[in-house]
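Undergrad: Based on what follows, work out the 3D shape:
(chains A and B)
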Amino acid sequence: MFPGCAALLEYRLRSSLRIRLDCAGQKLYSRRLVRAGKRTLEFMTLRYLATTSIAIVASALAWGQAAPYDRVTVDFNQNVNVNGKMIPAGHYEIMELRSAGEGARILFVTSNGATKFEVSGATVPILQNEPAAETRVILQRIGQNYYLNKVWISGKDYGYEFPLPAEAKALMQERMEPITLTASYRPPTAALAENTRQPAPEPAPAPQTAPTPQPAPQPEPAPQPAPAPQPAQPQPEPAPNPTPEAQTAPPPQPAPAPEPTQTAPSAPAPQQPKMPATADDWAALVIFGGGLAAAGLMLRRK
Amino acid sequence: MRRFVSRLFIVAGIATASLGFEHLAAAWWFQQHVTVASFAPPSPFFPPGFAGELRIPRLDTSLGLVNQHTDSHFRRGPGFISGSDRPGGLNCIIAGHRDLHFRILRNVRIGDRIEIDSPEGKFIYRVASCSIVSPTNVDSLRRIYPRQLTLVTCYPFYYVGPAPKRFVVRAELQ
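TA: Residues are numbered from 1 along each chain as shown, chains lettered A, B, ... in the order given. You can find the predicted model right below:
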């Protein structure tokens, strides 16, 4: 087979370079041999083409029939809440199902060697810089419950995150919520003032509305009667030792006038942020405009 | 008649394409003159909303931030969305167009340093997570770190038309 090919190649080379041998006896290859070489080459090309096409078709079929998906087996040591459903401790298999249309990734949790369906849920794809070194299933503990939170696949830089169910979010939010207690401000007594005398503490305008005449002699000038009730202004520092007490009764004073209570940093009503639209679509405008102009030009040509 | 229609198409096409280029130019212009804008008197080109500078040193990127959160302002630069805290606050949420300034977010990696220079001070954040969420998933904007910076843009980054997802980067204050 190969001498034929070599003969053909040489023949072609000679004919293309127009090399002529001066001596007829030096004709190295017979025409027959050359013809055989041609046939061999054609056969080889055909065979190569056929093999390549079969390989392409086979791989396409394999890809279409069984799209690659992620599969993880895990042993849960305790009951775990997956997408709102509590599944008992045991051996489970977590499988991925890619929905071709939406691009959302759905994970199935099965047991009994992937024969018993337990629960499924849409996940959020999460990314990381480097491929995960090992496959990990991450649970989040909120209160007494464990929630299936993330799944990282070994060797891949993406993972799956189960959105937490509403009750878990509520519980988390409840924990993060600042607690505001109403407290009342008690002016420093004489003794307290003695103890807490510090180098030049700025006598902050105490938020006191009713000046209470103190019978005891005071080392420091008595608090000035508060000037006209000032509008709420940012106070530089609270007076030393304000001793806020949560829900305590005010000291026996004649009139517990409406006191500007010292409260914890008041949390403004949290405004729920909205997901903004973050595409300018200048490219769409340019493409649309270009298309329109091209259509106009074509119409003109006709 | 045909001639008139063809002319109409051509004029409308050129006008629409010019509008697209105008958006691009406005974004570029504001970012180029952002430092001037912060000191210059307000004008159509120098709106008074300059709110600071966002830098990602690894990507050698510096972006001027705008205060307002309307579409026309996002066109000039990334800005704070309504309900967001200021830089250094509990949850500072900055959104930007994926086809303009925040296209750079496609290269952001976990651990990247993000600096914000603003009237409130200079704050350094470290990227803690990147996620792709649905536009209805407002929970992804919630705060999960004590002091958080959240950057939001559309996803996929190369997409003509309204993108179906959002790309959310969470960074924690250092």
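Undergrad: Would you confirm that A:Glu143 contacts A:Glu174?
TA: Careful, residue A:143 is Gly and not Glu. No: using CB atoms under 8 Å, A:Gly143 makes no contact with A:Glu174, being 9.7 Å away. C-betas here are computed from N, CA, C, even on glycine.
Undergrad: Of the two, which one has the most company?
TA: Neighbours per residue, other CB atoms under 10 Å in any protein chain shown: of A:Gly143 and A:Glu174, the larger number sits with A:Gly143, 12 against 9.
Undergrad: contacting residues for the more buried one?
TA: A:Leu171 (CB atoms under 8 Å, 6 or more residues apart in numbering or on different chains).
Undergrad: ok, it to B:Arg143 distance?
TA: 19 Å (CB to CB, to the nearest Å).
Undergrad: Quick check: residues of the stretch 51-200 of chain A near chain B?
TA: Within reach of chain B by CB under 8 Å from any CB of the partner chain, the stretch 51-200 of chain A has these residues: A:Gly103, A:Val124, A:Pro125, A:Ile126, A:Leu127, A:Gln128, A:Asn129, A:Glu161, A:Pro163, A:Lys169, A:Gln173, A:Met176.
Undergrad: What subset of those is buried?
TA: A:Val124, A:Ile126, A:Leu127, A:Gln128, A:Glu161, A:Pro163 (16 or more other CB atoms under 10 Å in any protein chain shown).
Undergrad: What separation do you get for the third one and A:Ile153?
TA: As judged by CB to CB, A:Leu127 and A:Ile153 stand 12 Å apart.
Undergrad: do the same with the last one
TA: If you measure A:Pro163 against A:Ile153 using CB to CB, the figure is 19 Å.
Undergrad: Could you do B:Tyr155 as well?
TA: 21 Å.
Undergrad: how about A:Met86, what does it touch?
TA: A:Asn79, A:Val80, A:Asn145.
Undergrad: swap the cut-off to 7 Å and go again
TA: A:Asn79 (CB atoms under 7 Å, 6 or more residues apart in numbering or on different chains).
Undergrad: Find the nearest non-adjacent residue to A:Thr73, please.
TA: A:Glu93 (5.0 Å; CB to CB, 6 or more residues apart in numbering or on different chains).
Undergrad: Who are the packing partners of the strand or helix carrying the one you found?
TA: Assignment of secondary structure by DSSP states H and E places A:Glu93 within strand A:90-98. Helices and strands touching strand A:90-98, by 3 or more CB pairs under 7 Å, 6 or more residues apart in numbering or on different chains; DSSP states H and E, are strand A:71-76, strand A:105-111.
Undergrad: where does chain B dip in pLDDT?
TA: Applying pLDDT under 70 to chain B flags residues B:33-50, B:68-73.
Undergrad: Any part of the top helix by length along it near chain A?
TA: Counting by DSSP state H, the longest helix found in chain B is helix B:2-32. Yes: Helix B:2-32 lies within reach of chain A by CB under 7 Å from any CB of the partner chain, at B:2-3, B:5-7, B:9-10, B:12-17, B:19-21, B:23-24.
Undergrad: ok, of those, which come out buried?
TA: B:Ser6, B:Phe9, B:Ile10, B:Ala12, B:Gly13, B:Thr16, B:Ala17, B:Gly20, B:His23, B:Leu24.
Undergrad: any idea how far the residue in the stretch 51-200 of chain A that chain B sits nearest to lies from B:Tyr158?
TA: For the stretch 51-200 of chain A, the residue closest to chain B is A:Asn129, as judged by CB to the nearest CB, at 4.5 Å. As for A:Asn129, its distance to B:Tyr158 is 21 Å (criterion: CB to CB).
Undergrad: go on, B:Ser129?
TA: 22 Å.
Undergrad: same thing with B:Leu173?
TA: 31 Å.
Undergrad: So which of these two has more stuff around it?
TA: B:Leu173 (19 against 11).
Undergrad: is the top strand by length along chain B anywhere near chain A?
TA: Identified as the longest strand of chain B according to DSSP state E is strand B:121-133. Yes: using CB under 7 Å from any CB, strand B:121-133 reaches chain A at B:Cys130, B:Ser131, B:Ile132, B:Val133.
Undergrad: pretty sure A:Ile142 contacts A:Leu171?
TA: Yes: shown here, A:Ile142 and A:Leu171 form a contact pair, counting by CB atoms under 7 Å, at 5.3 Å.
Undergrad: So for those two, which residue has more residues nearby?
TA: A:Ile142 (19 against 15).
Undergrad: If you count contacts, what does the one helix or strand A:Phe43 maps to end up packed against?
TA: Element membership for A:Phe43, per DSSP H and E: helix A:31-65. Other helices and strands packing on helix A:31-65, by 3+ CB pairs under 7 Å, 6+ apart, are helix A:2-17.
Undergrad: Tell me how far A:Glu118 lies from B:Arg75.
TA: From A:Glu118 to B:Arg75 the distance is 48 Å (CB to CB).
Undergrad: quick one: which of these two has more around it?
TA: Taking other CB under 10 Å, A:Glu118 and B:Arg75 do not tie; B:Arg75 has more neighbours (21 against 17).
Undergrad: Skipping adjacent residues, who's closest to A:Ile138 in space?
TA: Closest to A:Ile138 by CB to CB, 6+ apart is A:Lys150, at 4.2 Å.
Undergrad: Does the one you found belong to a helix, a strand or coil?
TA: Recorded secondary structure, A:Lys150: strand (DSSP: H, G, I helix; E, B strand; the rest coil).
Undergrad: immediately after the helix or strand of chain A with the lowest mean pLDDT, which helix or strand?
TA: The helix or strand of chain A with the poorest confidence is strand A:245-246; it has a mean of 40 (mean pLDDT, DSSP states H and E). Next along the chain after strand A:245-246, taking DSSP H and E as the criterion, comes helix A:282-301.
Undergrad: still on that earlier bit, quickly compare the helices and strands packed on strand A:90-98 and say which is most buried.
TA: strand A:105-111 (a mean of 19; mean count of other CB atoms under 10 Å in any protein chain shown).
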